[in-house]
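1. Show me how the following folds:
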Amino acid sequence: MFVDQVKLKLSAGKGGNGVVAWRREKYLPKGGPSGGNGGKGGSIYLVSSHDAYSLESFRNQRIIHAESGKQGGSSRCQGKSGQDLYLKVPTGTTLREATTNTLLFDFTEEGQEYLLCQGGFGGKGNYFFKTSKRRAPNFCTEGKEGESIEIELELKLIADIGLIGMPNAGKSTLLSKLAHIPVKVAPYPFTTLIPNLGFFEAGDKRILLADIPGIIEGAAEGKGLGLRFLRHIERNSILLFVIPADADHLGEQYRILVSELNQYNPELLDKKRILAISKADLLDAELMNALQAELPMEVPHVFISAVTGYHLSELKDLIWKSLQ
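-> Residues are numbered from 1 along each chain as shown. Predicted structure coming up:
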């Protein structure tokens, strides 16, 4: 299951308590205090990783506690510290404080680490309080509570190319052919319910594509799959619009897609765009030339067929040049 937004409550471990203890050796009748300090509580860290694809690991685990420190011992033995927790999140995850919605961190690169909750410090044993004037302290301190926080994690996929189109435009078929991966394809709307990712090689670069579930008119207002997946377009370097050749009006469908992106976030229109007319195997040369007049001339475009492989090499070259 693809999970791209979760709320979590996290608590670092409590520090272990100090202890009151005395030396009880045969030849040391006045052995003095020997109570050790408690161990430190475990802290919680978030770490970005390419190995994590979604936030699914948190789907059934919304309350997370780190290990508490152990109590100190006699003979000045310090208690064992609680183990730190390192939680993996996908690259592209934003971290916000849940109640104020304050952005705490944005994981944009592999291996970034953020200390979320500091573990509590251990309490002091009575040996710690021994001085020249206070030789037999008969008290200790408790360990401190660890920090707690409620957070919201939101994943926005980072990809070189985002495939944008209406349902059944041929995006999934195109991804399967370019990246050579199995993708569910069927002749009904919203076959793709979660974003799909795939790679292909172009030049000396490995290019990551993200197949975004179909966008319909009114998506920015919540229609269809609505706003749920529009966020994943924000971090794509180039927007590859896929419009089927059998659409009623190619230019109008492109305008609708652009309008939905503009309503959601106008900054999306600052990104480079490529237009691919899919299912070109349905066209003859005369009809293909006639459809050219409907296309926006300011956007590079190419007629393709993922089924037959028609002009897929030209599309790869166009993507490569745009990334340069």
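
2. For this protein, which segments are assigned as helices?
-> Applying DSSP state H to the chain gives helices spanning 171-179, 250-264, 285-291, 312-323.

3. Identify each buried residue in the third one, please.
-> This means helix 285-291. residue 291 (16 or more other CB atoms under 10 Å). No exception for glycine: its C-beta is placed from N, CA and C like everyone else's.

4. I'd like the average pLDDT over it.
-> For helix 285-291, mean pLDDT rounds to 79.

5. Likewise for the second one?
-> Over the span of helix 250-264, the pLDDT mean works out to 89.

6. winner for burial among the helices of the chain?
-> Among these, helix 171-179 has the highest mean neighbour count (mean count of other CB atoms under 10 Å), at a mean of 23.

7. Alpha carbons only: can I get it in CSV?
-> Extracted as CSV, the C-alpha positions of helix 171-179 are listed here (Å, rounded to 0.1, in the frame of the first residue of the first chain):
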residue,chain,number,x,y,z
LYS,A,171,1.1,7.1,-19.1
SER,A,172,1.5,3.7,-17.4
THR,A,173,2.1,1.9,-20.8
LEU,A,174,4.8,4.5,-21.6
LEU,A,175,6.5,4.0,-18.2
SER,A,176,6.5,0.2,-18.7
LYS,A,177,8.1,0.5,-22.1
LEU,A,178,10.7,3.2,-21.1
ALA,A,179,11.7,1.6,-17.8
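
8. could you dump the helices of the chain to CSV with distance to residue 132?
-> Supplementary listing: the helices of the chain in CSV, determined by distance: least, CB to CB, whole Å:
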stretch, distance to residue 132
helix 171-179, 74
helix 250-264, 71
helix 285-291, 95
helix 312-323, 72
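
9. so which of these comes closest to residue 270?
-> Closest to residue 270 of the helices of the chain is helix 250-264 (CB to CB; 10.6 Å).

10. Of the helices of the chain, give the one that comes closest to residue 113.
-> helix 312-323 (29.1 Å).

11. Tell me which other helices or strands that closest one touches.
-> Applying 3 or more CB pairs under 8 Å, 6 or more residues apart in numbering; DSSP states H and E, one finds that helix 312-323 contacts helix 171-179, strand 196-202, strand 205-211, strand 238-244, strand 272-278, strand 301-303.

12. contact partners of that helix?
-> 160-161, 177-178, 200, 202-203, 205, 207, 237-238, 240, 272, 274, 276, 300, 302, 304, 306 (CB atoms under 8 Å, 6 or more residues apart in numbering).

13. Now a PyMOL select for only the buried ones of these.
-> What follows is the PyMOL syntax selecting those of the contacts of helix 312-323 that are buried according to 16+ other CB under 10 Å:
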select buried, resi 160+161+177+178+200+202+207+237+238+240+274+276+302+304+306
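
14. Would you state the strands of the chain in chain order?
-> For the chain, the strands defined by DSSP state E occupy 5-11, 44-49, 63-65, 85-90, 93-97, 103-106, 113-117, 148-155, 161-164, 196-202, 205-211, 238-244, 272-278, 301-303.
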